[in-house]
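Trainee: fold the stuff below for me.
(one chain, ligands or ions: 1)
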Amino acid sequence: MHRRDFLGRGLLGGLALAIPSRARADAGSYASFRAGLRRHPQLAALRGTEQEMLSGRARIHGKWPQALRGSFFRNGPARFERAGERLEHWFDGDGMVHAWRMADGQVQHQARMVRTHKYLAEAEAGQLLYPGFGTWLARRPFANNDTLNSANTNAVPHAGRLYALWEGGSATEIDPHSLATRGIKTWREDLAALPFSAHPKIDAAGRLWNFGALPGSDKLVLWRIEADGSLGKVAVLPVADVAMLHDFAITERYLVFLLPPFSLHPAEQTSFLDQHHWQPERPIRILVVDKADFTLKHSLEMPAAMVFHLGNAFEDGQHIRLDACLYRDARVLDEMRAHMRGEISATPSKARTVLLDLDLARGTVSEQRLLEDGEFPRVADHDIGRRHRRLYLLGESGRNPVGMGSVLSVDLDSGRRDEYVFGPDWLVEEHVPVARPDGRGLWLLGPAFDLARQQTVLNVFDAARISAGPLAQARLPYAAPLGFHGNFLKA
Ligand SMILES: [Fe+2]
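Mentor: Residues are numbered from 1 along each chain as shown. As a prediction, this is how the structure comes out:
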């Protein structure tokens with residue numbers, strides 16, 4: 001297939017409009033963030049770093065499990081400022097990949113900025129040059145999505161390689177040992193710069209499934225990467241009015257997408273976020289796509305909600321059961337932008353966690369409430385696409401104005417919840433289930449930021465006894481920038 005068949009007209013849509021050379025720049029949250037920091041010291045978690053690399057040995061509190069050996073890779077936006085200007089949205093910072101290395105009961109931390117085109121060009125220029133998701137800025141024209149790629153959302157090991165992922169463009173390959181940037185991953189020449197989302201799913205056979213949203217187009221790109229890392233299949237699915245789409249789920253036979261109701265109105269000198277208009281009277285569209293041939297099999301609807309993350313999905317006869325974290329509206333996107341300029345909402349948005357029942361025969365959707373408040377859902381790797389009993393998440397989104405305050409699991413059968421609440425001076429990041437090598441259960445692994453001491457701590461819990469508190473904590477002598485998502489690779 002030729003490149004033009006993929007791209008078609010308007011594929012890159014609002015994301016990659018060529019910028020007029022005299023366009024204004026507007027990255028104006030630098031001074032207001034500093035003023036806000038004096039009122040809300042918790043915002044220090046969003047200060048970011050100007051360092052290219054971090055490394056240090058953690059001090060262990062408790063007994064770190066000897067059998068927990070490997071690398072816990074994470075990624076998140078870490079650099080937000082240059083030359084007295086600050087990016088306007090948390091999603092816009094340059095990616096920093098972290099590796100927490102653990103062996104023999106000891107933990108080392110290492111982190112390195114992803115040297116993307118954007119990062120290198122801005123470092124050389126000594127100023128911000130390019131727009132992001134929520135920042136309007138245009139000092140240089142750009143050729144395609146990868147000119148803007150900040151590689152800042154997830155770190156995914158697959159088939160002996162490590163990828164830093166960002167939802168708008170290509171994967172960026174990282175050396176898993178040194179964390180040096182190897183460069184943009186192009187699976188095939190005619191697929192260059194096509195989006196490869198930050199939320200791929202790896203099935204039990206080791207195949208990696210992913211999508212790429214092309215906002216402003218009527219297309220979704222669908223990807224299958226084989227267990228050996230080679231390109232298996234890629235296709236473009238026609239979907240009307242594609243806008244922001246962050247995550248998806250897989251089952252044995254299907255890919256499942258929830259498209260929140262935005263309409264996209266491309267406009268010059270306006271951030272990509274501001275080109276998105278929330279449409280509360282329109283439904284979420286649910287697309288069920290056949291994994292075998294990437295064709296649309298079912299199309300369903302449910303009432304409007306904003307969604308970033310899905311937990312897991314599985315088939316149950318003619319039903320698909322799917323968990324998701326749903327916000328009432330899209331206000332959360334603006335709240336995150338407000339944090340970057342030093343403002344905090346008195347009533348931060350919460351996502352309810354629900355179990356959706358998609359009845360494929362009837363075309364109906366019903367919703368069972370699991371939690372009033374949950375985000376960053378994960379399941380054990382061996383449960384992905386299969387029936388899962390436990391979902392692991394973060395809760396207590398009101399505990400700290402800029403993040404979550406607890407780690408919990410919820411049992412889908414009994415509704416029982418097992419939760420550990422950190423103190424008010426903690427900001428908790430995504431926690432990831434890791435299978436114990438002896439097959440006797442799971443650990444839950446994730447960082448938290450100790451605001452009082454301005455240090456980052458890696459927690460390990462027994463996933464079956466979260467409320468008992470961490471089995472051990474590995475405390476760094478410094479603050480590591482917050483990450484969004486990550487994955488454990490056993491040694
Ligand atoms: Fe995400």
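Trainee: tell me the contacts of Leu287?
Mentor: Leu237, Val239, Val256, Phe257, Leu259, Leu296, His298, Ser299 (CB atoms under 8 Å, 6 or more residues apart in numbering). C-beta here means a position set from N, CA and C on the backbone, and glycine is covered the same way.
Trainee: just give the closest residue to the second one, not the sequence neighbours.
Mentor: Translated: Val239. Leu220 (5.1 Å; CB to CB, 6 or more residues apart in numbering).
Trainee: helix, strand, or coil at the one you found?
Mentor: Following DSSP: H, G, I helix; E, B strand; the rest coil, we place Leu220 in the strand state.
Trainee: then His382?
Mentor: Three-state assignment for His382 (three-state DSSP): helix.
Trainee: can you get me a residue count around it?
Mentor: 12 (other CB atoms under 10 Å).
Trainee: one more: Gly483?
Mentor: 26.
Trainee: surely it and Pro447 touch.
Mentor: Yes - taking contacts as CB atoms under 8 Å, Gly483 lies within contact range of Pro447: 6.9 Å.
Trainee: quick one: distance of whichever strand or helix holds Ala123 to the chain centre.
Mentor: Taking DSSP states H and E as the definition, Ala123 sits inside helix 117-125. Distance, stretch centre to chain centre, for helix 117-125: 23 Å (CA atoms, centre = their mean, to the nearest Å).
Trainee: which elements pack onto that helix?
Mentor: Where contact means 3 or more CB pairs under 8 Å, 6 or more residues apart in numbering; DSSP states H and E, helix 117-125 is packed against strand 94-103.
Trainee: export the strand it packs on as CSV, just CAs?
Mentor: Output in CSV follows, covering the C-alpha atoms of strand 94-103 (Å, rounded to 0.1, in the frame of the first residue of the first chain):
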residue,chain,number,x,y,z
ASP,A,94,9.4,16.7,27.1
GLY,A,95,9.5,13.1,28.0
MET,A,96,11.9,11.6,30.6
VAL,A,97,12.2,7.8,30.8
HIS,A,98,12.9,6.3,34.2
ALA,A,99,14.3,2.9,35.0
TRP,A,100,14.1,1.6,38.5
ARG,A,101,16.5,-1.3,38.6
MET,A,102,16.0,-3.9,41.3
ALA,A,103,18.1,-6.9,42.3
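Trainee: just want the angle from that strand to helix 117-125.
Mentor: Counting by axes from the mean of the first three to the mean of the last three CA atoms, to 10 degrees, strand 94-103 lies at 110 degrees to helix 117-125.
Trainee: what sits against the most centrally placed residue in the chain?
Mentor: Nearest to the mean C-alpha position of the chain, by CA atoms, centre = their mean, lies Thr153 at 4.7 Å. Applying CB under 8 Å, 6+ apart, we find Thr153 in contact with Asn75, Gly76, Gly95, Leu165, Trp166, Glu167, Ala198, Phe484, His485.
Trainee: who wins for most neighbours among the residues you listed?
Mentor: Counting neighbours by other CB under 10 Å, Gly95 comes out on top of the contacts of Thr153 with 33 neighbours.
Trainee: where do the strands sit along the stretch 351-491 of the chain?
Mentor: 352-359, 364-371, 375-378, 390-395, 406-411, 417-421, 426-428, 432-435, 442-450, 455-462, 472-475, 485-490 (DSSP state E, counting those that start in this stretch).
Trainee: after the worst-scoring helix or strand of the chain on mean pLDDT, heading C-terminal, what element do we hit next?
Mentor: Here the helix or strand of the chain ranked lowest by mean pLDDT, DSSP states H and E is helix 3-7, holding a mean of 41. For helix 3-7, the succeeding helix or strand toward the C-terminus, using DSSP H and E, is helix 30-39.
Trainee: could you tell me how far that next one lies from the centre of the chain?
Mentor: 26 Å.
Trainee: may I see the buried residues of that helix?
Mentor: Tyr30, Phe33, Gly36 (16 or more other CB atoms under 10 Å).
Trainee: turn these into CSV, including pLDDT and distance to Lys185.
Mentor: Output for these, formatted as CSV (pLDDT from 0 to 100; distance: CB to CB, whole Å):
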residue, pLDDT, distance to Lys185
Tyr30, 91, 33
Phe33, 94, 34
Gly36, 93, 38
